[in-house]
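In: Sequence and predicted model, in that order:
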Amino acid sequence: MKVVLIKRMMRLFVMLYLGLITCVSFAHESHPVSYHAQASKESASFLALTSWLSSLPGPLKSMPVSSVEESGFMMFDALNPEQQDDNRPLMLQTIDDRVVDRQKSKSPTNGPSLLGRKVRIAILIDDLGYNRRGMLGALQLPKEVALAILPMTPFAHQTAVRSKEQGRLTMLHAPMENERELKLGPGGLYARMSEKELKAALTKDIDSLPGIQGVNNHMGSLLTANQKSMNWVMQTLKQHHLFFIDSLTSSHSVAGKTAKKYGLKTTTRDVFLDNIRTEKAIDRQFSHLIKVAKHRGEAMAIGHPYPETLSYLKKRLTQLNKDGVVLVPLSQILSHNAPSL
Ligand SMILES: [Zn+2]
């Protein structure tokens, strides 16, 4: 009798154990993090991780989607232009959002097959201004590549003048407050600013760069999600007849939407080229840019004045024929609607 009881208890124990194992493995496999961890694209797994984190209660919930992009740091000794020549590590001061993907609002309705038009890509290099080598490298890229400059930085004025002389589209790279409290450098725009303060700061940024035609945000995961601040930004840009590019450093950005509301010419960044600064990774991002462009008819990428990015683009942009795409100035892919205020 006793033996039978022990045998039954052992069987029950084994069944409970097997049941537990099954439950755990099911939960593991069905979990978005585990699923995406097997996916080939790093961005997919990161976004899955962040979306999972944001679904959690407590402090983890506040982890921003753009945490990777704004995990950069500012190298303020770079402010001394004399130290900026050649062999120093380039542009360590800024990292824009490199994570948030923009696949949301644009449709393939104006795709090339429908209009018989060539597939178009546009490229913007931003974060310029701190570094002479970055400036010189960017100025050697094809004239269709636009440049965006951080205001009141050592090479800001010179970069703007030389870029304009080349007939190149030149922009202000407006520093905007981020969720990680990373320093913005001169001319920063903050959510705590009043309407008067923010508009004055932005106007000063604009006035510091001769001949600019548009603006995109540097960082800005906090500010671009602030509707009130974005209204003031777009009102100021409208007054100065400038277009706006949303760098999309936060999935909560209302910047692009607000630019449209005010009737500004605008578009949104599709791809960051150099979140990972290796030729292989940049090449992968460039292929992604072409893929998006082929799907939709056009796409735009943002890169940074890293030696790896500049040398890659210098070579790669001469080989676009084989891809069946054409590099166009950023101004040619801006959309323009009537204001909807
Ligand atoms: Zn930037």
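Out: Good, I have the coordinates.
In: Just say helix, strand or coil for the closest residue to residue 216 other than its chain neighbours.
Out: Take residue 216 and drop its neighbours on the chain: the residue closest to it by C-beta to C-beta, 6 or more residues apart in numbering is residue 245, 3.8 Å away. The C-beta positions use only the backbone N, C-alpha and C, and glycine is treated the same way. Following DSSP: H, G, I helix; E, B strand; the rest coil, residue 245 is assigned to strand.
In: Ok, residue 302 next?
Out: Secondary structure of residue 302, per three-state DSSP, is strand.
In: Now the stretch 101-250 of the chain against the ion: closest residue?
Out: The nearest approach of the stretch 101-250 of the chain to the ion comes at residue 218, 3.5 Å away (C-beta to the ion).
In: Output the below-cut-off pLDDT ranges for the stretch 51-200 of the chain.
Out: 51-116 (pLDDT under 70).
In: And the strands in it, which stretches?
Out: 119-128, 146-149, 170-176 (DSSP state E, counting those that start in this stretch).
In: Between strand 119-128 and the last one, find me the angle.
Out: In this structure, strand 170-176 runs at an angle of 60 degrees to strand 119-128, with axes from the mean of the first three to the mean of the last three C-alpha atoms, to 10 degrees as the basis.
In: Which strands and helices lie in contact with strand 170-176?
Out: Identification of packing neighbours for strand 170-176 by 3 or more C-beta pairs under 8 Å, 6 or more residues apart in numbering; DSSP states H and E yields strand 119-128, strand 146-149, helix 156-165, helix 195-207, strand 214-219.
In: What count of nearby residues applies to residue 237?
Out: When neighbours are counted by other C-beta atoms under 10 Å, residue 237 registers 23.
In: who touches it in this structure?
Out: 202, 215, 243, 244, 259, 262, 264 (C-beta atoms under 8 Å, 6 or more residues apart in numbering).
In: Which residues are in contact with the fifth one?
Out: Under the criterion of C-beta under 8 Å, 6+ apart, the neighbours of residue 259 are 234, 237, 243, 244, 246, 266.
In: host element of the second one?
Out: Secondary structure here is read from DSSP states H and E; on that basis residue 237 sits in helix 227-239.
In: on that earlier part again, can you convert the strands of the stretch 51-200 of the chain into a markdown table and add a column each for mean neighbour count and distance to residue 195?
Out: Below are the strands of the stretch 51-200 of the chain laid out as a markdown table (neighbours: other C-beta atoms under 10 Å; distance: least, C-beta to C-beta, whole Å):
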| stretch | mean neighbour count | distance to residue 195 |
| --- | --- | --- |
| strand 119-128 | 25 | 26 |
| strand 146-149 | 29 | 25 |
| strand 170-176 | 28 | 16 |
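In: one step back: between the helices and strands packed on strand 170-176, which one is nearest to residue 338?
Out: strand 214-219 (18.9 Å; C-beta to C-beta).
In: Quick check on the residue nearest to residue 142 when sequence neighbours are not counted: phi, psi?
Out: Leaving out its chain neighbours, the residue that sits closest to residue 142 by C-beta to C-beta, 6+ apart is residue 317, at 5.4 Å. Here is the backbone geometry of residue 317 (degrees, to the nearest 10): phi -70, psi -10.
In: what about stretch 267-286, start to end distance?
Out: 18 Å (C-alpha to C-alpha, to the nearest Å).
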